[in-house]
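Novice: Predicted model follows, preceded by the sequence.
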Amino acid sequence: MAETRSTCPYCGVGCGVIIESDGAQITGVRGDPDHPANFGRLCTKGSTLHRTATAAVTLQTRLLQPLQRSARGAAPAPIDWDTALDRVAGTFARTVRAHGPDSVGFYLSGQLLTEDYYVFNKLAKGLVGTNNLDTNSRLCMSSAVAGYKATLGSDAPPVCYDDVNHADCLFIAGSNTAWAHPVFFRRIEDARRANPAMKVVVCDPRRTDTASVADLHLPLQPGTDVMLYHAMLHVMLQRGWTRPDWIAAHTTGFAALETRVRDCTPEAAARVCGLPAEDIVEAARLFATSGATLSLYCMGLNQSSSGTDKNAALIGLHLATAQIGRPGAGPFSLTGQPNAMGGREVGGMANLLSGHRDLANAAHRAEIAALWDVPEVPATPGKTAVEMFQAAADGEIKALWIGCTNPAQSMPDQATVRRALERAEFVVVQEAFATTATCAFADLLLPATTWGEKIGTVTNSERRISRVRAAVPPSGAARHDWQIAAEVARRMAPLLGRPAAMFGYDTPEAVWNEHRATTRGRDLDITGLSWPLLDALGPQQWPVPTGAGLGTARLYQDGVFATPDGRARFSDAPWRPLAEPRDADHPLSLTTGRLRDQWHGMSRTGTVGGLFGHAPEPAVQLHPADMARHGLRDGDLVALASRRGRLLLPAQASEDMARDQAFVAMHWGPEFLMGNPDAAEGARGIPGGGVNALTVPAFCPASKQPELKHAAVRLEKTALPWSLVALAWLPEDGALAARQALRPLLARFPYASCVPFGASAAQDAAPGAGRTGVLVRAAAAGAPDAALLEAIAALLRLDTPDAQRYADPRGQQFRRARLDAPAGADGDARLDGFLLAGDTRSAGWMRTLLQERLPAQAYGRRLLMPSATPPVAQQSQGRSVCNCVGVGERAIALQLARCTGDDARRLAQLQDALQCGTRCGSCVPELRRMVRATPAATEPAPAPEAASLAL
């Protein structure tokens, strides 16, 4: 058994992990206690990483060899690496010669390593001669970049994680930190315990788990952040809470902003933001008068058509009150991806160059041209993400190279993105997973390494560079991303009249050393670092110039900023409405966000059934009053329609929502929503669509980041009375493949979803372990032909001779149920799978019977009887709250009925009894909410039976 130190591939916290491996197989993972980002902690996603790297997952989901399609829509066929690399180099070179360098585009990912980014950037801007290289970081961090540069002069978060321990006020804006950055949220909880006087303000339209811990929650209307911040500054000026002396000594531009906010009274802002004026005043007081205020912000600010203005206005509050440049004070943009920061460092975006240089700066272009030994770096601005796919859809970009990202799921306005992928003459997809939606559009598929196999570096949200180390060799014929790019570049260079020696790297360390040279004298100078030093000293925060020894925790402590005159700049931009405001035809505001236990498009987390326990299926959340107004009940299928598309989803009531707003998690895409809305009532939809069938392509003019956080939609109840529900346990080595095989069958329904389910980490040794569940839902106007239902049943292994069967073609009814062999201490059989089509009233209690592995032999043929009431009394354990230990809502409710004392004491009693929230801690915010919602017992009640506590 071997152990390897590396990092987690999920959010930008940059947690250190220790990977356990046996030969070529990863067998376990735990947090690295010595890594300063997490000190051994991991969230539910990180703690299950090893389950995404099993042999079963690899064989069913990974891209293991180069593949090419002979024609669009054809099945891809294996080819050797030399043929694949020659085809990429030859096709791109021919396209450049025929149509010019800007006829090709590169779209990359914040999940690549710094070394990968660097080689691609040099290939595009130095060899091909195009700036058409952008990344999915454009979708998450470009407004934060633009905001930092516009105000502080540099794309450099000035604070560090340790600042939560020194803050007296946390101002969290547009971030559900508890779910999006759960390990960092554990630090916040620790800091509040150590400093009970700390105040927390949360600005978020929804009452998230993060908002639930706030002393002051500001549920502002979507898109009104700038108005809120201007009103807060108005209050600060009126009450004398600004620092005129500091402003005069260290900033410029305040007079214009002061004029701008003169009319932004709390009362005026209250009307725009939908907030009580007194809450705006209180937020201003807490921000300005606390000893140290730390702001934390994420996609709610960034994913906006005024994202740069939102960032700059919030940073302006820090400047106006001198809440910057000291422990516990400053603006902190929380990075959404594990190496979005590293990509920006090497210039991996259409407007940037290596070493935090600007493409628009002629001197910067000349510096990079000299470092790369090329005649010039092109001055023509490159196409950013939305612009690139629009250009491909218009026929301007002929060839696309997509690396480690899934635009057919994650980009806004999916109709345009798919038109781009279809019209482009040559599409290369370089991926680790063959299951992403984008892979279906590729002419050539290149297998890349992934977590556990990669070697290089990443930079997290606090500017900390960590080493990424391989625990196992590449799977199949996969190669490293930098390696693939370099090998193509060496083949392409002679075809474009350039020397192949430009890309003579033989190790990722050689790439990193060249990147390091580009940072000399820059704000992110790392010339004092080396890989051996990182190995010896551990992760370091830039800048680390030559001779510095250790990294830099905080910036601007001397009040000198990264601008030509050393002064920070105020922005006086006005509040601007949403790109697509609500109107009579589209009266609801749709917003998107993360789920607690999933990440991005779920190509990795979606392979672990146990991670679906907390949010098992796609849904749209609505306020109960909106549900009642439309005559909806939980689970009713509705259509969300925007000006760009239509999406069918089950409705789910949530008191966390504001009225006239809807929420759909960003993760649900065509990999899980497999139906075709075009089959319903002739309405326009995207086959196998997701929430981004609805979102707008409008973007911030400064950052070019699209407004993914808001779209105007209307809600329609659908007329699809015929339904299907099926659940089945399948062998682990076949369940994920079965989901892929179900895709073309489910595309024949107007609505269909297909998701995995499985055991929690604590249940791996329980009966049913080693298997993965598959859950299918579908709806249509009437029953499909029997052959389609038989095909679905066969993929779920419900066609075996021992399966119970019922069919009534005239009544449009079709049912199957299968029991496994008697197992467990009671020697009773368990329900192994069922399919209900037509009348699905039994689905609720049959799902409980199957997922909770309850004895089922006594049910007999009653399993085929349609009834909402189970023949034998049962009670579901409810939705999973703690995935680590496997504790559900009912067990928690039973235990809380016995708990006495104040909230803190009852939470401790709950955790002692059930162990929920004692491992990764991701569920602790929800446990706190459940504690607050449950009255304390006057005296301890009898202990519930042990069997009733297990999920």
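Specialist: The structure has been received and is ready for your questions. Numbers count the residues shown, from 1 in each chain.

Novice: going forward, measure contacts between C-alpha atoms and count neighbours the same way
Specialist: Noted.

Novice: what sits against the closest residue to residue 96 other than its chain neighbours?
Specialist: Closest residue to residue 96 apart from its sequence neighbours, by CA to CA, 6 or more residues apart in numbering: residue 103 at 6.4 Å. Residue 103 makes contact with 95, 96, 396, 397, 398, 399, according to CA atoms under 8 Å, 6 or more residues apart in numbering.

Novice: ok, so of those, who is nearest residue 724?
Specialist: Among the contacts of residue 103, residue 399 lies closest to residue 724 (CA to CA), at 41.4 Å.

Novice: I'd like to know how far the closest one sits from residue 119.
Specialist: Using CA to CA, to the nearest Å, we find residue 399 at a distance of 19 Å from residue 119.

Novice: that older thread, any idea how far the residue nearest to residue 96 lies from residue 129?
Specialist: Relative to residue 129, and taking CA to CA, residue 103 is found at 11 Å.

Novice: now residue 810
Specialist: Residue 810 is 66 Å from residue 129, by CA to CA.

Novice: ok, these two, which is more surrounded?
Specialist: residue 129 (22 against 7; other CA atoms under 10 Å).

Novice: Find me the pLDDT at the residue lying farthest from the centre of the chain, would you?
Specialist: Taking CA atoms, centre = their mean, the residue of the chain most remote from its mean C-alpha position is residue 810, at 45.5 Å. Looking at residue 810, its pLDDT stands at 92.

Novice: got it, and residue 310?
Specialist: 98.

Novice: quick one: it and residue 228 touch, right?
Specialist: No: the criterion here is CA atoms under 8 Å, and residue 310 misses it with residue 228 at 9.7 Å.

Novice: which of the residues in stretch 840-854 are buried?
Specialist: Within stretch 840-854, the residues scored as buried using 16 or more other CA atoms under 10 Å are 840-843, 845-853.

Novice: who does the biggest helix by length in the chain touch, helix- and strand-wise?
Specialist: Across the chain, the helix with the greatest residue count (assigned by DSSP state H) is helix 81-99. Here helix 81-99 touches strand 104-108, helix 481-495, going by 3 or more CA pairs under 8 Å, 6 or more residues apart in numbering; DSSP states H and E.

Novice: quick revisit: TSV for the contacts of residue 103, including neighbour count, pLDDT and distance to residue 665?
Specialist: As requested, the contacts of residue 103 are arranged in TSV below (neighbours: other CA atoms under 10 Å; pLDDT from 0 to 100; distance: CA to CA, whole Å):
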residue	neighbour count	pLDDT	distance to residue 665
95	19	98	39
96	20	98	39
396	18	98	33
397	27	98	31
398	24	98	33
399	25	99	31
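
Novice: How far does stretch 2-13 stretch from one end to the other?
Specialist: Using CA to CA, the end-to-end distance of stretch 2-13 comes to 25 Å.

Novice: Enumerate residues external to it that contact any of its residues.
Specialist: Contacts for stretch 2-13 (CA under 8 Å, 6+ apart): 14-22, 32, 37-38, 45-46, 111, 180-181, 183-184, 334-340, 451-452, 460-462, 466-471, 599.

Novice: Which ones among these map onto helices?
Specialist: Checked against DSSP H, the contacts of stretch 2-13 include these in helices: 45, 46, 180, 183, 184, 340.

Novice: Report how many residues lie close to the closest residue to the second one other than its chain neighbours.
Specialist: Once its chain neighbours are removed from consideration, residue 46 has its nearest residue in residue 8; the separation is 6.3 Å (CA to CA, 6+ apart). By other CA under 10 Å, 24 other residues sit near residue 8.

Novice: Can you pull out the low-pLDDT segments for the stretch 851-951 of the chain?
Specialist: Low-confidence segments of the stretch 851-951 of the chain, defined by pLDDT under 70, are located at 940-951.

Novice: ok, which stretches of it are helices?
Specialist: Assigned by DSSP state H, counting those that start in this stretch, the stretch 851-951 of the chain shows helices spanning 889-896, 903-914, 924-933.

Novice: Then the stretch 301-450 of the chain?
Specialist: With DSSP H, counting those that start in this stretch applied, the stretch 301-450 of the chain shows helices at 307-320, 340-345, 362-372, 385-393, 407-410, 414-423, listed in chain order.

Novice: Out of those, which gets nearest to residue 562?
Specialist: Proximity to residue 562 (CA to CA) singles out helix 307-320 among the helices of the stretch 301-450 of the chain, at 14.2 Å.

Novice: How about the residue most central in space within the chain, nearest residue that isn't a chain neighbour?
Specialist: Centroid check for the chain by CA atoms, centre = their mean gives residue 600 as the closest residue, at 3.3 Å. Setting aside the residues directly before and after it, residue 600 is nearest to residue 667 in space (CA to CA, 6+ apart), at 5.4 Å.

Novice: How many residues are close by that neighbour?
Specialist: Neighbour tally, residue 667, other CA under 10 Å: 25.

Novice: One more: residue 287?
Specialist: Neighbours of residue 287 (other CA under 10 Å): 28.

Novice: what's the answer for residue 418, then?
Specialist: Using other CA under 10 Å, residue 418 has 21 neighbouring residues.

Novice: now residue 894
Specialist: 18.

Novice: Over to residue 363?
Specialist: 12.

Novice: how near is it to residue 122?
Specialist: 17 Å.

Novice: Please save the CA atoms from stretch 630-638 in CSV.
Specialist: Provided in CSV are the C-alpha atoms of stretch 630-638 (Å, rounded to 0.1, in the frame of the first residue of the first chain):
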residue,chain,number,x,y,z
HIS,A,630,-50.3,27.5,-10.1
GLY,A,631,-52.2,24.6,-8.5
LEU,A,632,-49.0,22.5,-8.1
ARG,A,633,-48.1,19.8,-5.6
ASP,A,634,-44.6,18.4,-4.9
GLY,A,635,-43.5,16.2,-7.8
ASP,A,636,-45.9,17.7,-10.4
LEU,A,637,-44.2,18.1,-13.7
VAL,A,638,-43.9,21.7,-15.0
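
Novice: Name the residues of it that are buried.
Specialist: Here stretch 630-638 shows 632, 636, 637, 638 as buried, counting by 16+ other CA under 10 Å.

Novice: do stretch 655-669 as well
Specialist: Here stretch 655-669 shows 656-658, 660-669 as buried, counting by 16+ other CA under 10 Å.

Novice: With stretch 74-89 instead?
Specialist: In stretch 74-89, counting by 16+ other CA under 10 Å, buried: 76, 81, 84, 85, 87, 88, 89.

Novice: who touches the residue nearest to the fourth one when sequence neighbours are not counted in this structure?
Specialist: With CA to CA, 6+ apart as the criterion, residue 85 has its nearest non-adjacent residue at 5.6 Å, and that residue is residue 488. Residues in contact with residue 488, defined by CA under 8 Å, 6+ apart, are 85, 86, 88, 89.

Novice: can you list those residues in JSON lines and add distance to residue 537?
Specialist: Below are these laid out as JSON lines (distance: CA to CA, whole Å):
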{"residue": "85", "distance to residue 537": "38"}
{"residue": "86", "distance to residue 537": "42"}
{"residue": "88", "distance to residue 537": "40"}
{"residue": "89", "distance to residue 537": "40"}
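
Novice: What is the nearest of the residues you listed to residue 287?
Specialist: Checking the contacts of residue 488 one by one against residue 287 (CA to CA), the nearest turns out to be residue 88, at 53.7 Å.

Novice: What separation do you get for that closest one and residue 316?
Specialist: Counting by CA to CA - residue 88 and residue 316 are separated by 47 Å.

Novice: next one: residue 220
Specialist: Taking CA to CA, one finds residue 220 at 19 Å from residue 316.

Novice: neighbour count winner among those two?
Specialist: Each of residue 220 and residue 316 has its neighbours counted (other CA under 10 Å); residue 316 has more, 26 against 20.
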